[in-house]
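Chemist: let's see this in three dimensions:
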Amino acid sequence: MKRIAAFWLAFCLLFGLVSCGRTSVATGIPETAEGSTAAPPPLPTAPPATDAPTDPALLFPPFVQPGLLKLSGGGSVPVELLSAESNVSYRVRYPSGSEAIVAWDLIEPLAPAVPALPEPKAEQTVAFLESELGDPLPAWVFFVDLTRLTVTVLENGEVLRVMPCSVGDAGHPTPRGRYETDYRTEFMGKEGVYLCRWGVHYYGGYLFHSVLYTWRGDAILDGELSARISHGCVRLSPEDSRWIYETAPLGAVVLVN
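Modeler: The predicted structure is shown next:
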């Protein structure tokens, strides 16, 4: 009887192992009743990445117009062209950081290196302007982005309008800096050659104004925008220049970067 009981116990144990599922010798992964290998439990997934905060200053680097200053003994040195009086002189900045006025014919303007930058969100533009102009911002701000070739107008810290513009060419850079609008002129230009409309002055000989019309004002002579083609003024479409002329008060802060 003991032998029969022992045999019966061994048979039950063997039958239980077979019927309750086998273990794959190769993988150690349990097999299903159908004989296919069960999938391993899923690995834990990493939480979705979040966008790191971006320094506003990195989105709005100052535009640099390069040039070469010819030396009397031969050779040249690199300089930054800050502004120019056509056919008279340039205001330049040396690598040391010092500035000087040099004769027009001593400078060779170079094509600027323009980085490809993403379009900023309104809140990023506001953050940058607050870092430059203070928080809270002045009531009215005109922000001229020389890299993206846009003018952004803000009232009480809110972006009202973003407009394409054309600015100074390599030989006549639009000067960077902080300025204020101080007078308006409905017409300006070069007699017999071209006419500009809806000018708003902010510094020296520099204004916001329309694209170029014929001298009689009956047709657009040069309507190109998003280009570096002016003698330093900021050209806008007729609609945008008239909007600034009629809407924004004098005393608005102008930041050209």
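
Chemist: grab the nearest non-local neighbour of P249.
Modeler: W140 (6.2 Å; CB to CB, 6 or more residues apart in numbering). No exception for glycine: its C-beta is placed from N, CA and C like everyone else's.

Chemist: so the one you found sits against V254, correct?
Modeler: No. The criterion here is CB atoms under 8 Å, and W140 misses it with V254 at 9.5 Å.

Chemist: common neighbours of the two, please.
Modeler: Taking CB atoms under 8 Å, 6 or more residues apart in numbering as the contact rule, W140 and V254 touch no residue in common.

Chemist: wait, V167 touches L146, no?
Modeler: Yes. At 5.8 Å, V167 counts as touching L146 under the criterion of CB under 8 Å.

Chemist: anything in contact with each of those two?
Modeler: T174.

Chemist: which ones are touching the residue nearest the centre of the chain?
Modeler: Geometric centre of the chain, nearest residue: L117, 4.4 Å, by CA atoms, centre = their mean. Residues near L117 by CB under 8 Å, 6+ apart: 59, 61, 147-148.

Chemist: all helices for the stretch 101-250 of the chain, in order.
Modeler: For the stretch 101-250 of the chain, the helices defined by DSSP state H, counting those that start in this stretch cover 122-133, 238-247.

Chemist: TSV for those helices, including mean pLDDT, distance to L195 and mean neighbour count?
Modeler: Listed next are these as TSV, based on pLDDT from 0 to 100; distance: least, CB to CB, whole Å; neighbours: other CB atoms under 10 Å:
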stretch	mean pLDDT	distance to L195	mean neighbour count
helix 122-133	97	32	17
helix 238-247	97	12	17
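
Chemist: can I get those helices in TSV with distance to D105?
Modeler: Formatted as TSV, these follow (distance: least, CB to CB, whole Å):
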stretch	distance to D105
helix 122-133	35
helix 238-247	34
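
Chemist: how close does A170 sit to L82?
Modeler: 13 Å (CB to CB, to the nearest Å).
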